[in-house]
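Q: Please work out how this folds:
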Amino acid sequence: MEKSLNIMVKSIVKELKKTNLSFGTLKRHKACLNSVLKYCIAYDLKPIYSKKLIEDFLSDIKYLYEKKEISYGLFRDRSKAAYLITEYNKTGTYTPKHFFQFSKYTLVSPSFKKFLKDEFNYHKETYHLSERINEQNYYVTKKFCFYLESLSFKNFNNLTINETIDFIDSVKKTNKGNMKTIIHHVKKILIYLDKMDIVHINLNLSILKPQFTPTKEIITFSKEEITKILDAIDRNTDVGRRDYEIILLGITTGLRACDVVSLKLTNIDWKKECLKITQNKTGKEIKVPLLANISNALATYILKARPKINSNTLFLTSRNPIKQMIPYSLNNILRKYCKKVNVIKESKETFHSLRRSFCTWLSQNLISVDLIAECAGHSNVHTADRYISVSPVFCQQ
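A: Sure thing, here's the model as predicted:
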């Protein structure tokens, strides 16, 4: 039976939503799936799955990539989308898989190909890492093998520490933010080579250390700036009431954006005046106290401004289709009001700045690190140490 591409894409998106993909990754998958669908609709208003149509799509985007009309990232993601549709046509479901065949680092040596597969399976079974980390490690190994092939290596037999160091040096420019991961996995590759008796490199692995990454500047707001931002919000409108409550929650509770958009009506305990949530990042269950003004603003939003739809989600979008907000949208909300009152920071303001401000204000009031960590729901008490270092009170002592 011929399958409708439109129905297939909707089904794949539905399956993707059941996974642990981030909002951004899910959004990217949907966009690329729709690009395949749009391409097919150009040939047929009600397209059905066709192997030739998918192959034509892949051929066209490869041509655009080779002509440098689209980026490698876009070429890769659209290829993934076409692959998902092909797999769905075969199996009738979505099964998470790695998309390594779309890598621009194509290996030729049978020895390296076998090593890549064996080393991946070994680390996957030994360390029980997440799918994302396993994919990252696979990519590092493949890139390392590809680099050795460029030096005319066909296997690891003649590998020395010099080639290893040169490889790390070669990827510095294009992987500035990922060097820690690369170096960490290169160490594992060398250990695996030694364990499998393939090649023994006498090396003190402690010398392979990533360059020190400077601590990110903690952007905070003063109490006067927050007052200006909140006063600039028009609370006579539905959007204004929602935005006011979101920013108020961020600055008085320190909740992360991912936790704010995940809030449900059932998370609110009106009698005990608190929120009972499980943090997305840590999986830790916490109770967040609500001050009277926050509870009042929250009640006003729910009764007067929240869209009247059958959903347990607390904060909803204001435009159709009405749905749960995404974490990044909270950044845009905050920046809109910052710009309105000319509260502009050197680095971009993000919703996380409210969390940092919350913790910094606590440290300025000489609240203990243990209590700051508890209030912020940190999984590690020492995470709160950074807020003490930026507190003017401590700096003056």
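Q: Does residue 312 touch residue 268 like I think?
A: No: using Cβ atoms under 8 Å, residue 312 is not in contact with residue 268; the gap is 10.9 Å. No exception for glycine: its C-beta is placed from N, CA and C like everyone else's.
Q: So between those two, which is more surrounded?
A: Higher neighbour count among residue 312 and residue 268: residue 268, with 20 against 10, using other Cβ atoms under 10 Å.
Q: And the one helix or strand residue 25 maps to, what does it pack against?
A: For residue 25, the host element (DSSP states H and E) is helix 23-41. Under the contact criterion of 3 or more Cβ pairs under 8 Å, 6 or more residues apart in numbering; DSSP states H and E, helix 23-41 touches helix 5-17, helix 51-66, helix 72-91, helix 327-340.
Q: which stretch among these comes nearest residue 194?
A: Ranking the helices and strands packed on helix 23-41 by proximity to residue 194 (Cβ to Cβ) places helix 72-91 first, at 33.2 Å.
Q: Show me which residues of whichever helix or strand comes after the closest one are buried.
A: Counting by DSSP H and E, the element after helix 72-91 in chain order, helix or strand, is helix 110-127. Neighbour-count burial for helix 110-127, counted by 16 or more other Cβ atoms under 10 Å, picks out 112, 115-116, 119-120, 123.
Q: Most widely separated two among those?
A: The largest separation in the buried residues of helix 110-127, counting by Cβ to Cβ, is between 112 and 123 at 16.2 Å.
Q: pLDDT weak spots in the stretch 51-200 of the chain?
A: By pLDDT under 70, the weakly predicted segments of the stretch 51-200 of the chain are 94-104, 130-132.
Q: And the chain, what are its domain boundaries?
A: 5-102, 110-207, 223-395 (automatic domain parsing).
Q: Of those, flag the one that's most buried.
A: domain 223-395 (a mean of 17; mean count of other Cβ atoms under 10 Å).
Q: centre of the chain versus that one, how much separation?
A: Here domain 223-395 is found 20 Å from its chain centre; the criterion is Cα atoms, centre = their mean, to the nearest Å.
Q: Report the rounded mean pLDDT for it.
A: The pLDDT scores in domain 223-395 average 82.
Q: Show me where the stretch 201-350 of the chain has its strands.
A: Secondary structure of the stretch 201-350 of the chain (DSSP state E, counting those that start in this stretch): strands located at 268-269, 274-278, 285-289.
Q: Rebuild the ones you listed as TSV, extending it with distance to residue 60.
A: What follows is the strands of the stretch 201-350 of the chain, written out as TSV (distance: least, Cβ to Cβ, whole Å):
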stretch	distance to residue 60
strand 268-269	51
strand 274-278	45
strand 285-289	50
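Q: Can you redo the helices and strands packed on helix 23-41 as JSON lines, where the extra columns are distance to residue 363?
A: Output for the helices and strands packed on helix 23-41, formatted as JSON lines (distance: least, Cβ to Cβ, whole Å):
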{"stretch": "helix 5-17", "distance to residue 363": "40"}
{"stretch": "helix 51-66", "distance to residue 363": "50"}
{"stretch": "helix 72-91", "distance to residue 363": "40"}
{"stretch": "helix 327-340", "distance to residue 363": "22"}
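Q: Can you give me the distance of residue 342 to residue 336?
A: Distance of residue 342 to residue 336, given as Cβ to Cβ, to the nearest Å: 13 Å.
Q: And for residue 84?
A: Plainly put, residue 84 is 35 Å away from residue 336 if you go by Cβ to Cβ.
Q: Residue 124 now?
A: Counting by Cβ to Cβ - residue 124 and residue 336 are separated by 44 Å.
Q: rewinding a little: show me what the helix holding residue 25 is in contact with.
A: 5-6, 9, 12-13, 16-17, 21, 47, 50, 53-54, 57, 60, 77-78, 80-82, 84-85, 326-328 (Cβ atoms under 8 Å, 6 or more residues apart in numbering).
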